[in-house]
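K.L.:
Sequence plus the predicted model coming up.
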Amino acid sequence: MISELLTIVIPTRDRPELLEKCLGSIFECQPVIPHVMVSDNSTCDQPAMAALRRKYDFVYVRQSGDLNMVQHWNTCLGLPSTPWELMLHDDDELYPDSLGNLEPFLVDCDGVGIVVGGIQFINFQGEAVRQWIPPSKGKFMGEEGLVRLGLDWKVRPPGIIVNVPASLQAGGFVGIEGLPADYTFALQLAYSYGVAFFPALVGRYRLSPYQQTNFSTPEKTADWLEFSRRQAEVVQTFGCSDTIAARIVDYMTWWPFLTLAPRWLSSQSSFVFKLTQHCVRQSPRGGDWQLRARRQYPFLFSRPYWLAWSLLRELHKPVRLVKRLRRQK
């Protein structure tokens with residue numbers, strides 16, 4: 001039975017309105033119901049929690065409210081008595097009918113450290129925006145598992161199911177600047193114990209202002225890029241080859257850069273130039289993803305930097321002028 005195989009643990013904090021949607025995606029939308037635990041690290045008792053406990057059959061664990069995010073997530077890893085755990089954040093949901101097919105898949109994954117399934121991205125209202133399903137199938141471990149997962153990091157919780165004993169043996173989540181390094185943790189499990197890819201949707205990841213990933217300012221964008229790079233650096237401690245470790249750092253430096261930095265080119269060009277120089281200093285030379293960035297934005301790597309910066313500002317002046325003229329009409 002799935003209740004003996006899988007525990008869904010929901011870390012929550014001061015968000016009962018989202019927690020209700022999260023719980024509904026389990027108890028009202030699944031063909032089979034696993035063991036469910038809610039770990040409540042709220043700063044105060046939430047009156048709505050009592051109603052949720054009457055409505056749904058889950059185990060309630062009240063934390064102190066003083067745990068930081070890393071401590072809370074690691075506490076959640078130690079709660080289940082089942083071999084597998086799916087950590088379902090309180091602002092996310094399970095994909096409808098996903099657990100029926102997941103149950104027999106987990107039975108066949110004994111000894112694997114982590115199972116990676118697909119996720120659907122939803123907006124705050126719950127409407128589907130896009131989705132991602134693992135392109136790989138099968139089980140991989142060692143450097144092959146490290147590369148397959150580490151160089152295609154589009155997965156997010158709740159598309160991740162972890163082997164509980166392996167997770168505890170690995171030491172849980174490492175904290176970087178107060179945030180749990182979920183990428184590092186997933187790669188450690190894949191490298192040391194193996195990863196299995198489940199080619200179907202498992203969870204729904206809510207895109208909303210509640211997310212820790214915030215790119216609303218250049219400073220917050222730079223912080224997140226640095227967090228991504230530092231997560232990759234920890235991979236060097238796993239014992240893999242220097243070549244593989246360099247590929248991981250190259251990917252987690254320049255893939256986020258190519259995704260995020262261009263949005264600031266027209267309005268904050270000096271920031272993007274400084275960010276480019278920082279990434280060049282901190283990443284291996286000649287990496288595939290750095291080369292992609294150089295091909296896509298060659299002027300960002302031109303020297304002298306002050307001249308390239310000046311040219312970029314001149315290129316964007318007509319754009320700003322046209323926008324001003326349009327506003328005046």
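P.N.:
Great, that's in hand.
K.L.:
Helices of this structure, start to end?
P.N.:
Secondary structure of the chain, counting by DSSP state H: helices at 2-5, 16-27, 47-55, 69-77, 99-107, 142-150, 164-170, 182-193, 218-233, 242-260, 269-282, 288-296, 305-328.
K.L.:
Quick one: distance of the third one to the chain centre.
P.N.:
Between the centre of helix 47-55 and the centre of its chain there are 29 Å (Cα atoms, centre = their mean, to the nearest Å).
K.L.:
Counting by contacts, list what it packs against.
P.N.:
Other helices and strands packing on helix 47-55, by 3 or more Cβ pairs under 8 Å, 6 or more residues apart in numbering; DSSP states H and E, are helix 16-27. Placement of C-beta: from N, CA and C, glycine included.
K.L.:
So what touches the helix it packs on?
P.N.:
Helix 16-27 is contacted by residues 8, 10, 12, 33, 36, 38, 46, 48-49, 52, 55-58, 88-96, 126, 204, 206, 210 when judged by Cβ atoms under 8 Å, 6 or more residues apart in numbering.
K.L.:
Please identify the most buried of the helices of the chain.
P.N.:
helix 182-193 (a mean of 23; mean count of other Cβ atoms under 10 Å).
K.L.:
by how many degrees do that helix and helix 69-77 diverge?
P.N.:
Counting by axes from the mean of the first three to the mean of the last three Cα atoms, to 10 degrees, helix 182-193 lies at 40 degrees to helix 69-77.
K.L.:
Please write out the alpha-carbon positions of helix 182-193 in CSV.
P.N.:
C-alpha atoms of helix 182-193 as CSV (Å, rounded to 0.1, in the frame of the first residue of the first chain):
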residue,chain,number,x,y,z
ASP,A,182,18.1,21.9,-2.9
TYR,A,183,20.1,21.5,-6.1
THR,A,184,23.2,20.4,-4.1
PHE,A,185,21.1,17.9,-2.1
ALA,A,186,19.5,16.4,-5.2
LEU,A,187,22.8,16.0,-6.9
GLN,A,188,24.4,14.4,-3.9
LEU,A,189,21.6,11.8,-3.7
ALA,A,190,21.9,11.2,-7.5
TYR,A,191,25.7,10.8,-7.4
SER,A,192,25.9,8.6,-4.3
TYR,A,193,22.7,6.5,-4.5
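K.L.:
Show which residues not belonging to that helix make contact with it.
P.N.:
Here helix 182-193 has contacts from 111-114, 116, 140-143, 145-146, 148-150, 153, 155, 157, 160, 162-163, 166-167, 170, 172-174, 176, 195, 228, 231-232, 234-235, 238, 240, 248, 252, using Cβ under 8 Å, 6+ apart.
K.L.:
what about that helix, distance to the chain center?
P.N.:
How far helix 182-193 lies from its chain's middle: 13 Å, per Cα atoms, centre = their mean.
K.L.:
follow-up on the earlier one: weakest of the helices of the chain in terms of mean pLDDT?
P.N.:
Lowest mean pLDDT within the helices of the chain: helix 305-328, at a mean of 51.
K.L.:
how much space between the residue lying closest to residue 283 once chain neighbours are set aside and residue 228?
P.N.:
Spatial nearest neighbour of residue 283, excluding adjacent residues (Cβ to Cβ, 6 or more residues apart in numbering): residue 253 at 4.1 Å. Distance, residue 253 to residue 228, by Cβ to Cβ, to the nearest Å: 7 Å.
K.L.:
give me every residue that touches the residue nearest to residue 283.
P.N.:
Here residue 253 is in contact with 225, 228, 229, 232, 279, 282, 283, 287, 289, 290 (criterion: Cβ under 8 Å, 6+ apart).
K.L.:
so what's the closest residue to the first one other than its chain neighbours up against?
P.N.:
If the residues on either side of it in the chain are set aside, residue 225 comes closest to residue 256, at 5.1 Å by Cβ to Cβ, 6+ apart. Applying Cβ under 8 Å, 6+ apart, one finds that residue 256 lies in contact with 224, 225, 228, 229.
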